[in-house]
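[1] Fold the following and give me the result.
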Amino acid sequence: MITTKIFFSRIIKDFKSKELMPLKLIFFVQASTLYVLYPYLTIHMRELGINVEETAIMSSITPLVAMVMPPLAGMLADRIGNFRILLSLFSAFGGLAALLLLLVPIGRVTVHFPQRIIMDLGCEGRNGSLLHTMSQIHPCETKLESEEIAVNVESCGFVCHVETNNETDGSQILKSRLYTVRHLNFQTGVNTSYKYIVAPSDLAMSIQQEDMKEHRQLKNNEFFKTSIRQVSKTHYFFPTDQLFSFSCMSGHVQDIDNFTTETSFRMSRNHTSCVFDNLMKSKDINRTINYHLYKSKIKSLKPDEDDLQEEQQRYLSEKISWAGEDFQKPICDDLESNINNQIMIQVRLYDYEANLEATNRVLNINECKKKCIVTLPRNAVCSNMNMEVEYNVKLTFWLYLVIRVFIGIIGGTTFAMFEGAVIAILREQEADYGLQRIYGSIGGMISSPLSGVLIDYASKAFYLYAALKLASGVLMLLINLEFKAPAKNVVRDVFTVLRNIETAVLFLACFVLGTAWGYIESFLFWLIQDLGGSRSLMGITVAVGGIAGIPLLALSGPIISKIGHANVLFIGFVFYAIRLCGYSLIYDPWLTLIFEALESVTTSLSFTAAVTYAAKLSTTSTDSSIQGLLGGVYYGVGKGSGSLIGGYLMKFFGTRPTYQIFAVVTLLTGIIYFIFNVTYLKNRSQLEGNDIVKKKPKNIDEQDNPEKHTNDISLDEKSQSNQINNKSNMGNDNKGFLKEESHNNKKTDELNSTEIEAIRNAKNIDELNEIQLENIRN
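    Numbers count the residues shown, from 1 in each chain. Okay, here's the model as predicted:
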């Protein structure tokens, strides 16, 4: 109850400050820009065909190249002093630069094959073998791990050999809407014709490259009973649904329903006899055949010269189970002699797309055989369920990389300047850093799910990002930096701060934390996608982390004041290890929400501690420079290393082991940092002052003449000032980034109080003496 009261009282008190309102709005918009796009860039790269190795290289090179800008931008900001216009321009340029990513072409596409493969089924000679033939238009890497494969007979007709002079004729055959089957019986002299009309909706659709890039899922032409299809390089299938059917009979049973009375069979106890029925009578012409589903055991045949030329793969049906009985070897029993019959198919070639200007001619085809179209599960026959289609991979990679580096340079510059501005304003207003970041979390909670919905349908998230960056640039013109004086010697001041071993160790800790954060940011959504999660879920994960982080951001001041910056960072290491290990153990994508809630500690609290710790170790003239270095180490080197190392570890060890490796490394680093903190920092005298409100560095004259200004402030004024500061410290646990007083300051205050009290007593005695002398004179 007390914690809740403190939570709301701190937020309400901070919200009343009008001077800090622009910062809150900028934090809200800035965080929205980060969460609206950056987590989805990995998914965007995947859609462009950039593989995991290229993603790792790109995600590592981009921040590594761009990391040089935050320190330089920070130094420039410290040198300028009032840099709000420059900050506004960089923010706006960053939004416009992101739109360039939409111009990057697709480099490669992973196209998924249909779930079922199509083969033609036919007999080779009298008492011949039952053969399946599959076109290699959709390449199949045969595996045949399943002993029994369910085969579905879809349609029967004629497969004809057609020698075309050009590709146009082949395309027009598939688009033909009229063909005639002529059957001539030499014995009876009967010549019968059957005309077939193909509806426009049943025509085979050619696969366009743009369709392949867009849909990335190939589909079968499922108009098996009406549509002409190509079954090999020079062979085409013409369905004749009502003319005949394919059926088999086991040697153990008599199945009258599946055979005509005109058909006789030579049965064998250990064989199943299969046959294509004779042509039906005219009275049965409207009969619709209900095709059969049976099981078969097939093996692939070694391709011969004809197979290679025809771009086909043949499979031998070794055993079948036609009606659920035992598996037996099939034998084709073709009782209708091809010698006494002739089949000719006339195809009208007409280019309907060209209308009246097209050719209109008839193609006569004589080499035809009875065959049926069957379908089988692809995963039972083929090991490859998809294929990669490459376009211009190098162009995509380098163009995307250049644009990302450009965006990274602008983003790093904006980050360093903005953090420097935040520190300067909070010092001036004696405000709390964690309370400002709350509004950043709220912005991320709102924008990330919205972006997840947008990117599910299109790339509108990029436009949203650009709009938010432009809005952020306008808001940055509202901040007041008139009070910030230009630094005289930024480089010297920065190196003075960096010589402190405490600062160096802080940067090393932030590097490891940034590595863990970079790996999660680069490949968490990749993991969610592999687990079957939607992009909307990806947006929800960011919202969960933001909601859980709000209480810790509001109470970050008291928490850090209570346990110290270094201990908070150690807790961040431990929680990173828990998160990473948890991701490696889950199989339900929704369980990622549990570990995303821990981001409240790993990011919200620990990074707040890192920023405030760096502010405490820096000076007013080096705020932007030190924050720029911190951002470069965390968001630049750390994130880049996490992406690069993580990508290569995933390639060699897999996704789950990589998460576990990162968990172990973060935990060990945290333990080492904790030991260093206990053994070294505890014995080291702490810096005077607090995180936000600091004395400005003395100039050279002041350093050379330490007593020059000792009398500028009277003792009474100094006492009143101390009382005001003490009251202020009592009312705000985190004035600036932690309004904490060091032990040395407390001792100094006690000595000063004693000296002041002694001086006051001496003054009282002098006053009494003067009063007595005055009375004597009178």
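[2] Could you tell me how many residues sit around Gly189?
    Neighbour count for Gly189, taken as other C-beta atoms under 10 Å: 7. From N, CA and C alone the C-beta is placed, and that goes for glycine too.
[3] all helices in the stretch 251-400 of the chain, in order from the N-terminus.
    Along the stretch 251-400 of the chain, the segments classed as helices by DSSP state H, counting those that start in this stretch run 305-310, 378-381, 393-429.
[4] Would you reformat those as JSON lines and include distance to Met476 and mean pLDDT?
    Rendered in JSON lines, the data for these read as follows (distance: least, C-beta to C-beta, whole Å; pLDDT from 0 to 100):
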{"stretch": "helix 305-310", "distance to Met476": "67", "mean pLDDT": "87"}
{"stretch": "helix 378-381", "distance to Met476": "55", "mean pLDDT": "88"}
{"stretch": "helix 393-429", "distance to Met476": "8", "mean pLDDT": "83"}
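[5] Most tightly packed of those?
    Comparing the helices of the stretch 251-400 of the chain on average neighbours per residue, with mean count of other C-beta atoms under 10 Å, the densest one is helix 393-429 at a mean of 22.
[6] by contact count, what packs against that helix?
    On a contact count with 3 or more C-beta pairs under 8 Å, 6 or more residues apart in numbering; DSSP states H and E, helix 393-429 meets helix 21-37, helix 52-66, helix 69-80, helix 84-98, helix 433-457, helix 623-631.
[7] Let me know which of those helices is tucked in deepest.
    Each of the helices and strands packed on helix 393-429 was assessed for mean neighbour count using mean count of other C-beta under 10 Å. The highest is helix 623-631, with a mean of 29.
[8] need the contact list for the closest residue to Ala614 other than its chain neighbours.
    In space, and not counting its chain neighbours, Ala614 is closest to Leu630: 4.8 Å by C-beta to C-beta, 6 or more residues apart in numbering. By C-beta atoms under 8 Å, 6 or more residues apart in numbering, the residues touching Leu630 are Glu419, Phe507, Cys510, Ala610, Val611, Ala614.
[9] which of these lies closest to Leu218?
    Cys510 (47.8 Å; C-beta to C-beta).
[10] quick one: that closest one is in a helix?
    Yes. Following the definition DSSP: H, G, I helix; E, B strand; the rest coil, Cys510 is counted among the residues of a helix.
[11] so it makes contact with Tyr613?
    No. Because the distance of 9.1 Å does not satisfy C-beta atoms under 8 Å, Cys510 is recorded as not touching Tyr613.
[12] who's more crowded, these two?
    Ranked by neighbour count (other C-beta under 10 Å), Cys510 and Tyr613 place Cys510 first, with 28 against 25.
[13] State the distance from that one to Val665.
    Note on Cys510: its distance to Val665, by C-beta to C-beta, to the nearest Å, is 15 Å.
[14] just Gly539 next, same as before
    Applying C-beta to C-beta, one obtains 29 Å for the distance of Gly539 from Val665.
[15] how about stretch 97-104: buried residues?
    Ala97, Ala98, Leu100, Leu101, Val104 (16 or more other C-beta atoms under 10 Å).
[16] how far is it from where the chain is centred?
    Its chain's C-alpha centre and that of stretch 97-104 lie 17 Å apart, by C-alpha atoms, centre = their mean, to the nearest Å.
[17] Distance from the lengthiest strand in the chain to the middle of the chain?
    Using DSSP state E to define each element, the chain has its longest strand at strand 149-161. Between the centre of strand 149-161 and the centre of its host chain there is 42 Å, according to C-alpha atoms, centre = their mean.
[18] I'd like the mean pLDDT over the helix or strand following that strand, please.
    From strand 149-161 onward toward the C-terminus, using DSSP states H and E, the following helix or strand is helix 167-174. Mean pLDDT, taken over the full extent of helix 167-174, equals 79.
[19] angle of helix 167-174 against strand 149-161?
    Helix 167-174 and strand 149-161 are oriented at 120 degrees to each other (axes from the mean of the first three to the mean of the last three C-alpha atoms, to 10 degrees).
[20] by contact count, what packs against helix 167-174?
    Packing contacts for helix 167-174, counted by 3+ C-beta pairs under 8 Å, 6+ apart, involve strand 229-230, strand 341-350.
[21] Identify whichever of those lies nearest to Ser9.
    Among these, the nearest to Ser9 by C-beta to C-beta is strand 229-230 (74.7 Å).
[22] after that closest one comes which helix or strand?
    Next along the chain after strand 229-230, taking DSSP H and E as the criterion, comes strand 235-239.
[23] before we move on, which element is Thr669 in?
    Remark: Thr669 resides in helix 655-679, with elements defined by DSSP H and E.
[24] now what about that helix, what contacts it?
    505, 509, 512-513, 515-516, 519, 523, 526-527, 530, 566-567, 569-570, 572-574, 576-581, 583-585, 642, 646, 649-650, 653.
[25] List the backbone torsions phi and psi for Gly532.
    Gly532 has phi and psi values of phi 100, psi 10 when expressed as degrees, to the nearest 10.
[26] Isn't it up against Tyr587?
    No. Proximity of Gly532 to Tyr587 does not meet the contact threshold set by C-beta under 8 Å, at 9.4 Å.
[27] Overlap of the contact sets of those two?
    Among the neighbours of Gly532, none is also in contact with Tyr587 (C-beta under 8 Å, 6+ apart).
[28] about what we covered before: what's the most buried one of the helices and strands packed on helix 167-174?
    strand 229-230 comes out most buried of the helices and strands packed on helix 167-174 by mean count of other C-beta under 10 Å, with a mean of 20.
[29] tell me what that strand is packed against?
    Judged by 3+ C-beta pairs under 8 Å, 6+ apart, the packing partners of strand 229-230 are helix 167-174, strand 235-239.
[30] circling back to that earlier point, buried ones in the helix holding Thr669?
    Neighbour-count burial for helix 655-679, counted by 16+ other C-beta under 10 Å, picks out 655, 658-663, 665-667, 669-670, 672-674, 676-677.
[31] ok, back up a step: kindly reformat the helices and strands packed on helix 167-174 as TSV containing mean pLDDT and distance to Leu130.
    Formatted as TSV, the helices and strands packed on helix 167-174 follow (pLDDT from 0 to 100; distance: least, C-beta to C-beta, whole Å):
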stretch	mean pLDDT	distance to Leu130
strand 229-230	88	21
strand 341-350	84	21
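[32] Tabulate the ones you listed in CSV, adding columns for distance to Gly443.
    Below are those laid out as CSV (distance: least, C-beta to C-beta, whole Å):
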stretch, distance to Gly443
strand 229-230, 55
strand 341-350, 61
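[33] now for those strands, which one comes closest to Gly440?
    Taking these one by one with C-beta to C-beta, strand 229-230 is closest: 57.9 Å.
[34] Partner strands of the closest one and their direction?
    Based on DSSP bridges, the pairing partners of strand 229-230 within the sheet are strand 235-239 (antiparallel).
[35] Of the helices of the stretch 251-400 of the chain, which is nearest Val497?
    Val497 lies closest, by C-beta to C-beta, to one member of the helices of the stretch 251-400 of the chain: helix 393-429, at 13.3 Å.
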